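Trainee: mind folding the following:
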Amino acid sequence: MVTSTNPSTTLVTAVQETHDRLAELLAAAREMGAPPGMPRAAHARIDAFLATACRHLHAVDAVLLPAARRKLPDGSTLVHAHVRSVKQLEVMLAHVKAHQYGSVYETSFHWPRIWDEVGSAMTEHRRLEEELCRRLGDRLDGARLEGLADALASAEPVGPTRPHPYTPHTGLAGLVARRVMLTADRVWDAFEGRMVPEPARKPKREPGRIAQYFLADPRF
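Mentor: Numbers count the residues shown, from 1 in each chain. Okay, here's the model as predicted:
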């Protein structure tokens, strides 16, 4: 759970922390170089950035956009602007993915240009996400905002790891697309040997009294 001294900023803080982390991963990915004896180190940094960014974008689509559409007076307009922005960013991330693995369609692009475009797209998208969260913060109480922040944190580690700019992002179609793409991404990640960060596992719940009895492990 993300904590904040002001409940209305809980969601904004959660998104800001994620984007700060993404900025660090982007800076590491841009270094490109690899130390001697570790030829795939650059690939690992790029994979980590791409997977983390994509998981966050898909989680926002799944958690925040439905809340914005329901709770904000101009929610449909805000959702439309967000989807347009995220698709543009996903196109840039797809260029990174294709360029990294040597697509023949990427021969006219160069890394400095790609990274600059990704950085600009991420900056604009961060602005829209923070504005969306501020608007939700003005309409919802602290408990609901904490619930959204927790739902976002739970959705990120288990989201698709690749950009999908041309699949549905909202509604039932978006939900189905994310589930299908999650399975497809896992298959292709394994096939390509991508070094995708493993999701952090939630701590196991303490067993209840009945479970303690059957496990012969009473805890008084």
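Trainee: wait, Leu140 sits on Lys71?
Mentor: Yes. Shown here, Leu140 and Lys71 form a contact pair, counting by C-beta atoms under 8 Å, at 6.4 Å. Yep, even glycine has a C-beta here, placed from its N, CA and C like the rest.
Trainee: neighbour count winner among the two?
Mentor: Under the criterion of other C-beta atoms under 10 Å, the comparison of Leu140 against Lys71 puts Leu140 first, with 20 against 15.
Trainee: let's see the pLDDT reported for Ala143.
Mentor: Here, the pLDDT recorded for Ala143 equals 89.
Trainee: try Thr167
Mentor: For Thr167, pLDDT reads 95.
Trainee: SS state for it?
Mentor: Using DSSP: H, G, I helix; E, B strand; the rest coil, the three-state assignment for Thr167 comes out as coil.
Trainee: just checking, what packs against the longest helix anywhere in the chain?
Mentor: Taking residue count as the measure and DSSP state H as the definition, the longest helix of the chain comes out as helix 41-71. Helix 41-71 makes packing contacts with helix 10-31, helix 75-100, helix 111-139, helix 142-155, helix 171-192 when contacts are defined by 3 or more C-beta pairs under 8 Å, 6 or more residues apart in numbering; DSSP states H and E.
Trainee: count the neighbours of Thr52 for me.
Mentor: Thr52 is flanked by 22 other residues according to other C-beta under 10 Å.
Trainee: ok, Thr77 next?
Mentor: That count, for Thr77 with other C-beta under 10 Å as the rule, works out to 12.
Trainee: for the residue positioned nearest the centre of the chain, give me its contacts.
Mentor: With distances taken as C-alpha atoms, centre = their mean, the residue of the chain nearest its centroid is His56 (1.0 Å). His56 makes contact with Thr18, Leu22, Glu156, Gly159 under the criterion C-beta atoms under 8 Å, 6 or more residues apart in numbering.
Trainee: and which of these is nearest to Pro66?
Mentor: Of all those, Gly159 has the smallest distance to Pro66: 15.0 Å, by C-beta to C-beta.
Trainee: so what does that closest one have for phi and psi?
Mentor: phi -90, psi 170 (degrees, to the nearest 10).
Trainee: give me the number of residues near it?
Mentor: Under the neighbour criterion other C-beta under 10 Å, Gly159 is assigned a count of 22.
Trainee: got it, and Ala190?
Mentor: Neighbouring residues of Ala190 were enumerated by other C-beta under 10 Å; the total is 10.
Trainee: equivalent analysis for Thr161, please.
Mentor: Around Thr161 sit 21 other residues, with neighbours defined as other C-beta under 10 Å.
Trainee: with Asp116 instead?
Mentor: By the criterion of other C-beta under 10 Å, Asp116 has 13 neighbours.
Trainee: among the helices and strands packed on helix 41-71, which is nearest His43?
Mentor: Proximity of these to His43 was assessed by C-beta to C-beta; the nearest stretch is helix 75-100, lying at 6.7 Å.
Trainee: between that closest one and helix 41-71, how many degrees?
Mentor: Interaxial angle, helix 75-100 versus helix 41-71 (axes from the mean of the first three to the mean of the last three C-alpha atoms, to 10 degrees): 170 degrees.
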